[in-house]
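S.K.: Fold the following.
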Amino acid sequence: MPSFISLSLATLFLSALVFGCSDSVPAIYTFGDSLADVGNNNFLSNSILKADFPHNGVDFPTRKPTGRFSNGKNTVDCLSEKVGLPSALPYLSLVSTDTKAMVTGVNFASGSAGILNGTNKPYGPIPLTQQVEYYSLVHNQLVQELGSTRAKIHLAKSLFVIVIGSNDLLFYFRDSQVSKQHALQEYVDLVVSSLKQLMKRLIKLGARKFVVNGVGMIGCCPAQRLQMNTTYGCNVAENYWSKKYNIRLKILLKKLKRQSPGINYSYFDTYRATNNLIQYPQNYGIWETKEACCGIGKLYAEGPCLPNSTYCSNRSDHLFWDLYHPTETVSHILADLIYNGSRQFMFPMNAANLVRI
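M.R.: Here you go, the predicted structure:
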């Protein structure tokens with residue numbers, strides 16, 4: 001890398017260190033699935049699950065599709081705004097020497113990705129294992145450019161956001177081979193155990209502050225409601241196992257904290273937040289909780305949001321943008337809860353308090 005770029009990078013880092021307040025966040029490094037993808041799947045030639053076409057992005061500042069599975073911004077974008085950072089670029093859009101962009105964060109999330117390598121493999125996502133490997137390359141680049149001490153300080157103050165797990169559970173219910181190999185509780189334990197090993201690797205590579213989202217009420221997504229025939233009620237079994245997974249996830253986080261006292265975390269009870277939105281939508285200015293805004297057929301959930309799909313004009317009234325993903329309005333609501341939420345939603349602290357540690 002040319003010396004003037006290295007000098008610029010060091011100046012950028014030192015400015016943040018000297019002039020930033022004690023609760024500043026230098027970067028957000030994001031791992032996850034389509035709820036957090038900001039465009040990585042755009043670069044995957046073998047992936048059929050992309051959002052780089054209309055009507056996705058209709059409310060994004062550029063009014064163009066970006067690869068986000070949303071009408072606008074997603075929750076990670078909104079969280080970045082909370083801490084005064086630009087939305088991190090998708091990792092696959094960066095060149096290996098683009099360290100200046102990496103200093104304010106990188107997004108590794110991939111639509112349809114799971115914690116397990118086999119989850120949705122036919123769709124060609126970047127599984128969490130590979131996302132962590134990509135981060136290890138970013139870590140090495142930061143160490144090379146900033147030096148080990150500065151890189152360590154930088155990463156210790158950064159947020160590591162993890163939004164994943166839903167696809168692993170949905171994949172179990174969809175794939176008969178997986179359900180033949182594992183009982184559900186055994187499978188959930190396997191998913192959580194795999195996440196534990198990957199988080200331990202992130203800790204080894206400098207991560208100290210985690211924001212970890214639990215799994216929401218996956219059985220209440222329009223696509224899953226559609227399976228309930230004419231009632232369009234939530235899939236009770238899928239919601240039950242979402243709760244079971246979240247219980248194991250919270251136990252995992254407590255154990256990691258005991259084993260690595262230097263880390264801290266904020267667990268977001270996505271399930272409870274989703275339930276509140278569904279049970280008391282008027283409290284959040286939401287009026288439609290079953291039907292997607294963009295799609296085709298019943299509940300607009302018989303297909304994804306495509307250029308020839310119908311999409312609603314009152315998008316801020318809807319919980320769901322498409323058959324699985326929330327609207328930008330809901331993403332702002334969720335980010336508010338993550339950052340400023342009470343113990344009802346955040347354990348053991350919200351992200352604002354995590355930042356100040």
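S.K.: could you give the mean pLDDT of the helix or strand containing residue 193?
M.R.: Taking DSSP states H and E as the definition, one finds residue 193 inside helix 184-204. Averaging pLDDT along helix 184-204 gives 98.
S.K.: And the next helix or strand past that helix?
M.R.: Using DSSP H and E, the first helix or strand after helix 184-204 is strand 209-213.
S.K.: what packs against the helix or strand just after that next one?
M.R.: The first helix or strand that comes after strand 209-213 along the chain, using DSSP H and E, is helix 222-225. Contact partners of helix 222-225 among helices and strands, from 3 or more C-beta pairs under 8 Å, 6 or more residues apart in numbering; DSSP states H and E: none. To be clear about C-beta, it is placed using only N, CA and C from the backbone, and glycine gets the same treatment.
S.K.: Convert the helix or strand following helix 222-225 to CSV, retaining C-alpha atoms only.
M.R.: For helix 222-225, the following helix or strand on the C-terminal side (DSSP H and E) is helix 236-259. Extracted in CSV, the C-alpha atoms of helix 236-259 (Å, rounded to 0.1, in the frame of the first residue of the first chain):
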residue,chain,number,x,y,z
VAL,A,236,-46.7,-22.6,16.6
ALA,A,237,-44.1,-25.3,16.3
GLU,A,238,-41.6,-23.0,14.6
ASN,A,239,-42.1,-20.3,17.2
TYR,A,240,-41.7,-22.8,20.0
TRP,A,241,-38.3,-23.9,18.7
SER,A,242,-37.3,-20.3,18.1
LYS,A,243,-37.8,-19.8,21.9
LYS,A,244,-35.9,-23.0,22.7
TYR,A,245,-33.0,-21.8,20.5
ASN,A,246,-33.0,-18.4,22.2
ILE,A,247,-32.8,-20.0,25.6
ARG,A,248,-29.7,-22.0,24.6
LEU,A,249,-28.2,-18.8,23.0
LYS,A,250,-28.5,-16.9,26.2
ILE,A,251,-26.9,-19.7,28.2
LEU,A,252,-24.0,-19.7,25.6
LEU,A,253,-23.5,-15.9,26.0
LYS,A,254,-23.3,-16.2,29.8
LYS,A,255,-20.8,-19.1,29.5
LEU,A,256,-18.6,-17.1,27.1
LYS,A,257,-18.6,-14.2,29.5
ARG,A,258,-17.5,-16.4,32.4
GLN,A,259,-14.8,-18.0,30.2
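S.K.: tell me the contacts of residue 342?
M.R.: With contacts defined as C-beta atoms under 8 Å, 6 or more residues apart in numbering, the neighbours of residue 342 are residue 350.
S.K.: Same question for the one 5 residues further on.
M.R.: Listed by C-beta under 8 Å, 6+ apart, the contact partners of residue 347 are 250, 266, 267, 269.
S.K.: Now list the buried members of those residues.
M.R.: Buried members of the contacts of residue 347, scored by 16 or more other C-beta atoms under 10 Å, are 266, 267, 269.
S.K.: Redo these as CSV? Include pLDDT and secondary structure.
M.R.: Converted to CSV, the buried ones among the contacts of residue 347 look like this (pLDDT from 0 to 100; DSSP: H, G, I helix; E, B strand; the rest coil):
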residue, pLDDT, secondary structure
266, 98, strand
267, 98, strand
269, 98, coil
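S.K.: Make a markdown table out of the residues you listed and add distance to residue 201.
M.R.: Converted to a markdown table, the buried ones among the contacts of residue 347 look like this (distance: C-beta to C-beta, whole Å):
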| residue | distance to residue 201 |
| --- | --- |
| 266 | 20 |
| 267 | 19 |
| 269 | 25 |
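S.K.: my read: residue 55 touches residue 308, true?
M.R.: No. Applying C-beta atoms under 8 Å, one finds residue 55 not in contact with residue 308, separated by 9.6 Å.
S.K.: So for those two, which sits in the more crowded spot?
M.R.: More neighbours sit around residue 55 than around the other of residue 55 and residue 308, counting by other C-beta atoms under 10 Å; the figures are 23 against 8.
S.K.: Quick check: the more buried one vs residue 307, distance?
M.R.: For residue 55, the distance to residue 307 equals 7 Å [C-beta to C-beta, to the nearest Å].
S.K.: what do you get for residue 24?
M.R.: 41 Å.
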